[in-house]
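Colleague: Give the three-dimensional model of this entry:
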Amino acid sequence: MLPEFTASVSPPRVAGIAYPFSQPLGRPGDAEGQRAVLRAALDLAAGATSPGTVVRLPFEWPAGVRPRQSPRTPPPIVPLIKSKPWLLLKLRSGDIPDRA
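Modeller: This is a model prediction of the structure:
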């Protein structure tokens, strides 16, 4: 969902998509659309030729379609950013500390 953030930890490949956080594969019940997203991600996994490949998948959330409600519990990064907002600036600039 945030390919730049994911890329900052140096995974072998990243498939980004501009879908709502709660629906990374698509709308509930849209099996064809979900399969298309999954196929595109698997094609990237199989065909990426260099480490650190970042690809934005060519899918757009349908205009006028509201995503389902987000989960009641926010992801762990939300309370961290709320308690230390300066980390968001570091994140956006790519200044990610090494955990080692």
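Colleague: biggest helix in this structure by residues?
Modeller: Identified as the longest helix of the chain according to DSSP state H is helix 31-47.
Colleague: Show me which positions of that one end up buried.
Modeller: Neighbour counts over helix 31-47 (16 or more other Cβ atoms under 10 Å) mark 34, 36, 37, 40, 41, 44 as buried. Bear in mind the C-beta positions are built from the backbone N, C-alpha and C, glycine included.
Colleague: Give me the distance between residue 18 and residue 37.
Modeller: 11 Å (Cβ to Cβ, to the nearest Å).
Colleague: What residue, apart from its backbone neighbours, is nearest residue 52 spatially?
Modeller: residue 10 (6.3 Å; Cβ to Cβ, 6 or more residues apart in numbering).
Colleague: okay, now the one you found: neighbour count?
Modeller: The criterion is other Cβ atoms under 10 Å. On that basis, residue 10 has 10 neighbouring residues.
Colleague: now the longest strand seen in the chain: mean pLDDT?
Modeller: If you go by DSSP state E, the chain has its longest strand at strand 53-60. Across strand 53-60, the average pLDDT comes to 91.
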